[in-house]
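> Sequence plus the predicted model coming up.
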Amino acid sequence: MTPSALRIFFGTGSWIILAFLVLPILVVIPVSLTDTSFIGLPKDHLSLQHYDTFVHSTKWLFASWTSIWIGCVVAVVATGLGTLFCIGVWFLSDRAAMIVRWIMIVPILVPPVVQSLGFYKFWVTLGLIDSYLGVILAHVLLGLPYVTISVFASLSNMDRRLPLAARNLGASIGMTIRTVIIPAIRPGMISGGIFAFIVSFDEIVSVLFLTVRRVETLPKMIWEGIQESVDPVIAVVASIFVLITLIATSLAALRRS
Amino acid sequence: MTHPIISIRHAVKTYGKFRALDAVALDIHEGEFLTLLGPSGSGKTTLLSAIAGFTALDDGSVHARGHDISGLPPEKRDFAMVFQGYALFPTMSVAQNVGYPLRVRKWSKDRIAQRVHECLALVQMEKFADRMPHQLSGGQQQRIALARALSFKPDVLLLDEPLSALDKKLRSDLQWELKSLHKKLGVTFVYVTHDQEEALSMSDRIVILKDGKIQQEGAPDDLYNLPKNQFVANFLGKSNVVNAHVIGTQGEHLLAEVEGRQFCATYDHANSPTGQVNFALRPERIRLGPPGQETFDGHIAQISYLGERCQVLVRHDALGEILVSHPTWDAALQPAPQMPVSFGWDAGACVALDAS
């Protein structure tokens, strides 16, 4: 093949793959604008009726709000704990520390159902079933590996002499962490926190295991909505979050350029 | 009696089987410019790091003005360090970097601002106060690292190969600056380098390390003119090492013999060497002459022209190849390949070495 033919071949290929990735996500937008009372593409005209239902439904709004604040709490707690863990391991940086770091990542590898079953058995004895605290704890544990991966990547890029310099200039260990290490690894902490938020925000398996009726998160509502009725409000919720994500990422991209 | 500002006693540090420091004892005096010189792996950086408090010794101790500080953490020692690669805080501006030790010490804002300005003026970097470290060149970062280390008026400044990342021209400029800064401030400098020229040009005193042991210490010219062993003779400048039989003494000097020809050499009067002994011989102190004029006869094997001097390799049957640094402006003898010559030296040019 000539170079230009190669370019066309790979160019087309990447656009097809991109479409395959993005289109199923974007299809929820026309679906959310349907004029029918079930999930499907609009028949006669576009309609905002399901958006209207969403903003007037306390049930959906409440679930959205629950997911958001649980996600925020999880992000903050997981980032805090994960960062402390990483700094400790980084200071030690011996064999044991490396093994502990690998163990920390294991939760990613365990099937979510198995892990949720474990949470369930344990949470029953702790009396945490169907409580916000129970869900938050489980989500923190699920989010921690992502935080440690991202924070540790930042730490590995940091000059090892920086904390030495700080201490040489008179800073105690605590002060060194606060004034030198944390500012240097802030980007890793922020992306770790975002990861933890996302993990919590769309997590459903453990929520299904750990909650009954009191705690309703958004993924659980969607899941129940599909089971009971094929309510187009689900497509509305999905569209709203796709749009929010798009706006947020393009803002972030614009700020960086 | 005043105590040395830093005193290291029987310092031992091992990493597995590797002995980074092997019973090192060293006194550092107030106000001196001391250089720790050695090849990589000689233990010089480990020694500096033990003084700074980053490395805990396996045995021995570090004393400051007579007090044992081996157990003190680095932040309690008040020795400022300039790191290889500078280690400026990337998230802080130049002024914040320089003010960091003062903020840690809870100085007032006004005093910090004033002192930061003073220190930046000291290294001629006042204009750069608001820049971030990554916006500066290597030489500028070096100056900021220096200003930061000096800002809290430490007694001792530890410098870990601070110039190694810079190009040659900038390096020699900064050498002069460091030296004049040392004079101006009267702060004790402990300087680690593997560059012998740097060590010779800047130091009041040089300590040469190899395999975790001190080989020799002394003023630059003493070390250069009177090396104790072969390692020192070859590490500081170039030396020829010749082996000869000692036949006695002649006044101040040692008398040695090679193939019936005798020469004089300087030696350490504390131990009188006998038998076969190695001698160090500086290339620039060997005289070349027409055959028969000097002690030994040989012929020229190779010449390389270096401008004001040329390096001449003279081959002698018993002594082997002798490197001679000959002035090119010497009209009496213009060396040419294969030319027969004679060579010799004064007693002061030749030093008897220890066996090791």
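That came through fine. Note that the structure is predicted; figures quoted are calculated from it, not measured. Residues are numbered from 1 along each chain as shown, chains lettered A, B, ... in the order given.

> drop to CA atoms for contacts and neighbour counts, all remaining ones
Noted.

> where does the chain dip in pLDDT?
No chain was given, so I picked chain A. Filtered on pLDDT under 70, chain A yields the residue ranges A:1, A:256-257.

> wrong one, chain B
Residues of chain B meeting the criterion pLDDT under 70: B:1, B:356.

> now for the lengthiest helix in it, which elements pack on it?
Taking DSSP state H as the assignment, the helix of chain B that covers the most residues is helix B:168-185. Applying 3 or more Cα pairs under 8 Å, 6 or more residues apart in numbering or on different chains; DSSP states H and E, we find helix B:168-185 packed against helix B:196-202.

> Now find how far off-centre the helix it packs on is within its chain.
Between the mean C-alpha location of helix B:196-202 and the chain-wide mean there is a distance of 5 Å, by Cα atoms, centre = their mean, to the nearest Å.

> A:I8: what secondary structure?
helix (DSSP: H, G, I helix; E, B strand; the rest coil).

> now it: how far from B:E32?
71 Å (Cα to Cα, to the nearest Å).

> tally of neighbours for B:A331?
8 (other Cα atoms under 10 Å in any protein chain shown).

> got the contact list for the longest helix of chain B?
Contacting residues not belonging to helix B:168-185 are listed as B:33, B:139, B:163-164, B:188-189, B:198, B:202 [Cα atoms under 8 Å, 6 or more residues apart in numbering or on different chains].

> Just give me the closest of these to B:G344.
B:E198 (30.4 Å; Cα to Cα).

> Following element in sequence after the helix or strand encompassing A:V22, please.
Take DSSP states H and E as the rule and A:V22 turns out to sit in helix A:3-26. Scanning the chain past helix A:3-26 towards its C-terminal end, the next helix or strand to appear is helix A:28-32 (assignment: DSSP H and E).

> List of residues touching that following helix?
The set of residues that contact helix A:28-32 without belonging to it, under Cα under 8 Å, 6+ apart, is A:39-42, A:48, A:50-51, A:232-236, A:238-239.

> Now which of those residues would you call buried?
Among the contacts of helix A:28-32, those buried by neighbour count (16 or more other Cα atoms under 10 Å in any protein chain shown) are A:39-41, A:50-51, A:232-236, A:238-239.

> Neighbour-wise, give me the winner out of the contacts of helix B:168-185.
Per-residue neighbour counts (other Cα under 10 Å) across the contacts of helix B:168-185 peak at B:F189, which has 26 neighbours.

> Relative to the host helix or strand of it, what are the paired strands and their orientations?
Here B:F189, judged by DSSP H and E, is contained in strand B:188-193. As defined by DSSP bridges, the strand partners of strand B:188-193 come to strand B:33-37 (parallel), strand B:156-160 (parallel).

> Would you mind finding the most buried of the ones you listed?
Ranked by mean neighbour count under mean count of other Cα atoms under 10 Å in any protein chain shown, the strands paired with strand B:188-193 are led by strand B:33-37, which reaches a mean of 26.

> how big is the angle separating that strand from helix B:168-185?
With axes from the mean of the first three to the mean of the last three Cα atoms, to 10 degrees applied, the angle from strand B:33-37 to helix B:168-185 works out at 140 degrees.

> Not counting strand B:33-37 itself, show me its contacts.
With Cα under 8 Å, 6+ apart as the criterion, strand B:33-37 contacts B:28, B:44, B:182, B:188-196, B:199, B:202-209.

> In ChimeraX, select just the buried ones from those.
Below is the selection syntax for ChimeraX that covers the buried ones among the contacts of strand B:33-37, with 16+ other Cα under 10 Å defining burial:
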select /B:28,44,182,188,189,190,191,192,193,194,195,196,199,202,203,204,205,206,207,208,209
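
> quick one on the thing from earlier: which one's more surrounded, A:I8 and B:E32?
Neighbours were tallied for A:I8 and for B:E32 using other Cα under 10 Å; the higher tally belongs to B:E32 (19 against 11).
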